[in-house]
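Engineer: Give me the fold of what follows.
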Amino acid sequence: ALESSIAVDGDQQLEFDINRSNTEYEFILTQKPYSLAINAVSMLAVNRPVFYGEAAICLARRAADPPIAAAENSEEGLTKSASLAVSAHLRASCLTLLRNS
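Structural biologist: Numbers count the residues shown, from 1 in each chain. Prediction:
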């Protein structure tokens with residue numbers, strides 16, 4: 001469940017503080033959806049400057065904790081080479097955003 005607290009400031013502005021820790025999941029994706037998601041977040045950051053900070057933080061957090069390869073006998077998840085490719089793609093996207101900032 002989402003817990004939120006609404007505080008009313010002196011000039012009647014509402015501030016939302018939503019606890020999303022219970023709604024975060026680790027999805028099992030293949031290389032193509034990861035690549036599409038990385039490209040989408042990068043394009044969002046470049047084309048919509050209002051989202052630059054959030055997109056850059058999202059990519060940086062994922063680059064710091066890249067997806068791991070699945071077990072050898074598992075049919076879902078990333079292979080070792082796909083995991084390395086996704087990690088390289090994340091790092092390259094972060095560097096591109098830094099260069100363009």
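Engineer: and the residue most central in space within the chain, what helix or strand is that in?
Structural biologist: Centroid-nearest residue in the chain, with Cα atoms, centre = their mean: Cys58, separated by 3.7 Å. Element membership for Cys58, per DSSP states H and E: helix 52-64.
Engineer: ok, and for the strand or helix carrying Ser81, which residues are buried?
Structural biologist: For Ser81, the host element (DSSP H and E) is helix 80-100. For helix 80-100, burial by neighbour count (16 or more other Cβ atoms under 10 Å) applies to Ala82, Ser83, Val86, Ser87, His89, Leu90, Ser93, Cys94, Leu97. Glycine gets a C-beta too; all of them are placed from N, C-alpha and C.
Engineer: Spell out the secondary structure type for Pro66.
Structural biologist: Put simply, Pro66 is coil when judged by DSSP: H, G, I helix; E, B strand; the rest coil.
Engineer: Show me what the one helix or strand Leu44 maps to is packed against.
Structural biologist: Leu44 is located in helix 31-47, with elements delineated by DSSP H and E. On a contact count with 3 or more Cβ pairs under 8 Å, 6 or more residues apart in numbering; DSSP states H and E, helix 31-47 meets helix 52-64, helix 80-100.
Engineer: what is the mean pLDDT for it?
Structural biologist: The pLDDT scores in helix 31-47 average 92.
Engineer: before we move on, back to that, could the buried residues of helix 80-100 be laid out in JSON lines, adding distance to Val50 and pLDDT?
Structural biologist: Output for the buried residues of helix 80-100, formatted as JSON lines (distance: Cβ to Cβ, whole Å; pLDDT from 0 to 100):
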{"residue": "Ala82", "distance to Val50": "32", "pLDDT": "89"}
{"residue": "Ser83", "distance to Val50": "32", "pLDDT": "89"}
{"residue": "Val86", "distance to Val50": "27", "pLDDT": "91"}
{"residue": "Ser87", "distance to Val50": "28", "pLDDT": "92"}
{"residue": "His89", "distance to Val50": "24", "pLDDT": "93"}
{"residue": "Leu90", "distance to Val50": "22", "pLDDT": "93"}
{"residue": "Ser93", "distance to Val50": "19", "pLDDT": "94"}
{"residue": "Cys94", "distance to Val50": "19", "pLDDT": "92"}
{"residue": "Leu97", "distance to Val50": "15", "pLDDT": "90"}
